[in-house]
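Visitor: fold the following for me, if possible:
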Amino acid sequence: MIINLPFFNELDSDSLTDYYEIDIDLEQNQIQLDINFDETNIEPGRLAVLKSYLDDLPKIIDTAKKEIFNDFDQGDAVKEYLTFHTEELDQSDLDKLLKNTDKNLSIDLQLLSILKLRRIGFYPDEEEEFAILDFILDKDISQYILVVKMNDNKTLDHITMES
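Guide: Numbering: from 1, shown residues only. You can find the predicted model right below:
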């Protein structure tokens, strides 16, 4: 079955390649979108879930950002990510990162204010980690990313730090 996906155009559920990629401009930022398949075919309903995600991309990104702030307030993954940067970066790199932030905010909130989305990877064969959103501070200063993993119901699975 052929389905027309936003950004990717037509995909045939019976004739897939393992990887599709496109760069888009969103939120004044270039973001990589990629789709990763385990097989050369997939149930058409899984592509419908993917289409739903792509149709709601701004809402999905907003949900991920809200979950980052929720985890900052109530969890530990985001705090671990921020603490790592405040402890491991030298002061000049930290100053460079925070140069245009509101100095009335705590260092952690300043860092959160500059966090930007770099990539969204979709894994239609997966249920728990259907969409993976990678947030970064600055790719030239840190290789570490804050990863928001969402399930096929468009809700949070978990947040983690990766490199």
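
Visitor: now do the contacts for the most centrally placed residue in the chain.
Guide: Most central in the chain under C-alpha atoms, centre = their mean is Leu133, positioned 1.4 Å from the mean C-alpha point. Applying C-beta atoms under 8 Å, 6 or more residues apart in numbering, we find Leu133 in contact with 60-61, 64, 117, 119-120, 147-150. Bear in mind the C-beta positions are built from the backbone N, C-alpha and C, glycine included.

Visitor: show me which helix runs longest in this protein.
Guide: In terms of residue count, the longest helix belonging to the chain (DSSP state H) is helix 57-74.

Visitor: render the CA-only coordinates of that helix in PDB, please.
Guide: What follows is helix 57-74, C-alpha atoms only, in PDB (Å, rounded to 0.1, in the frame of the first residue of the first chain):
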ATOM      1  CA  LEU A  57       5.200  17.500  14.200                       C
ATOM      2  CA  PRO A  58       4.900  20.900  16.000                       C
ATOM      3  CA  LYS A  59       2.700  19.300  18.600                       C
ATOM      4  CA  ILE A  60       5.000  16.400  19.000                       C
ATOM      5  CA  ILE A  61       8.000  18.700  19.500                       C
ATOM      6  CA  ASP A  62       6.000  20.800  22.000                       C
ATOM      7  CA  THR A  63       5.100  17.600  23.900                       C
ATOM      8  CA  ALA A  64       8.800  16.600  24.000                       C
ATOM      9  CA  LYS A  65       9.800  20.000  25.400                       C
ATOM     10  CA  LYS A  66       7.100  19.900  28.100                       C
ATOM     11  CA  GLU A  67       8.300  16.500  29.100                       C
ATOM     12  CA  ILE A  68      11.900  17.800  29.300                       C
ATOM     13  CA  PHE A  69      10.600  20.500  31.800                       C
ATOM     14  CA  ASN A  70       8.500  18.000  33.700                       C
ATOM     15  CA  ASP A  71      11.600  15.800  34.000                       C
ATOM     16  CA  PHE A  72      13.600  18.800  35.100                       C
ATOM     17  CA  ASP A  73      11.100  19.400  37.900                       C
ATOM     18  CA  GLN A  74      10.400  15.900  38.900                       C
END
